[in-house]
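Participant: build me a model:
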Amino acid sequence: TVHRAAAASLTQLTLNAERAPLTDPLVRRALTRAVDRQRIAAAALTPLGLPAAPLGSHLLAGDQEGYRDNSGAVDQADPGLLLDEAGWMRPTGGGVRSRGGKPLSLSLLLPAGSATAKRTADALTAGLGDAGIAVRQVPVPAESFVGEHLAAGDYDLALFSRPVGPSPASEQRPAYAKPRPDPDGVPDPGGNFGRGGTEEIDRLFDRAAAEPDPAARLDLLQEADVRIWQLGHSVPLYQRPELVGVRTGVVGAGAYGFGWPRFQDVGWGG
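Facilitator: Just a heads-up that it's a prediction; the model follows:
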């Protein structure tokens, strides 16, 4: 029997803010607007028998208390107008945008061998293509995905999942903390693979971590999420699907999502 759940993990698209043309905030915001999260969630989740539920928060999953869709915080202008403003013009009749004779073409890092990641990448590639952004998919084996590519900054766009838990103020801060100079003066991104951040976002996380009142802490986290959206750091897409096959007749085992197993209840059904 196959058990299905939305896992305690968020699949997102991360933008490398240190690689041109994504160094331009206008281009990042345009790309964020051009990502069709509903289309992507449907492509990734519907074939698995899960609801096509896109995410609107970088910090909370859809079934966590306090979840709110903050995607409306992004500039609501047409992505094409933002790209025009940034100097990336579309040829008459359509096609890939260019500036100074250089096409707007980006690499997309994704895990090799994952059918769900491939469906996600295909939907993303098609959607960005509609906006005049060419995407070149780069499947990478799991063993080199982080060390040789994400941590090294060897990508334009990256598709991967990140775990979420009950304490986003502390657990999620490293993923969005502003890179600090190392002893040689070179910015060290740490766990922030997008390499973009602000002092304001860091302060909001720190205040949330120190706030004893749950409602006030959630307000600070929502404000941090709004700022992350506006920065064009990354785009949350959907909760990673969790599918577990269990031998028919076994009870109490399966896909738990945000729940926890009661091992005393696991066994053969009577």
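
Participant: so which residues make contact with the lengthiest helix in the chain?
Facilitator: The residue-count maximum for a helix in the chain (DSSP state H) belongs to helix 214-231. Under the contact criterion C-beta atoms under 8 Å, 6 or more residues apart in numbering, helix 214-231 has outside partners 25, 28-29, 32, 57-60, 66, 68, 70-71, 73-75, 168-169, 176, 196-198, 200-201, 204-205, 207-208, 211, 234. C-beta coordinates here come from the backbone N, C-alpha and C atoms, glycine included.

Participant: recalculate using a threshold of 6 Å.
Facilitator: Residues from elsewhere that reach helix 214-231 (C-beta atoms under 6 Å, 6 or more residues apart in numbering): 57-59, 66, 68, 70, 73-74, 168, 176, 196, 201, 204-205, 207-208, 211.

Participant: please apply the same query to stretch 38-51.
Facilitator: Contacts of stretch 38-51 (C-beta under 6 Å, 6+ apart): 4, 52, 54, 116, 119-120, 123-124, 127, 237-238, 241.

Participant: stretch 94-109: which residues count as buried?
Facilitator: In terms of neighbour count (16 or more other C-beta atoms under 10 Å), stretch 94-109 has its buried residues at 97-98, 104, 106-109.

Participant: just the ones of these in strands?
Facilitator: 98, 106-109 (DSSP state E).

Participant: before we move on, back to that, same question for the longest helix of the chain: list its buried residues.
Facilitator: 217-231.

Participant: ok, which stretches of the stretch 51-200 of the chain are strands?
Facilitator: Using DSSP state E, counting those that start in this stretch, the strands of the stretch 51-200 of the chain run over 98-99, 102-103, 105-111, 134-140, 157-163, 180-181, 187-188.

Participant: can you list the strands that the second one pairs with?
Facilitator: What that stands for is strand 102-103. Take DSSP bridges as the rule and strand 102-103 pairs in its sheet with strand 98-99 (antiparallel).

Participant: the worst-scoring helix or strand of the chain on mean pLDDT - which strands sit beside it in the sheet, and in what orientation?
Facilitator: In the chain, the helix or strand scored least confidently by mean pLDDT, DSSP states H and E is strand 187-188, which has a mean of 81. With DSSP bridges as the test, strand 187-188 is paired with strand 180-181 (antiparallel).

Participant: determine how far the partner strand lies from the middle of the whole chain.
Facilitator: 24 Å (C-alpha atoms, centre = their mean, to the nearest Å).

Participant: try stretch 145-165
Facilitator: Using C-alpha atoms, centre = their mean, the offset of stretch 145-165 from its chain centre is 10 Å.

Participant: with stretch 117-133 instead?
Facilitator: Offset of stretch 117-133 from its chain centre (C-alpha atoms, centre = their mean): 14 Å.

Participant: show me which positions of it end up buried.
Facilitator: Within stretch 117-133, the residues that count as buried by 16+ other C-beta under 10 Å are 117-121, 123-125, 127-128, 131-133.
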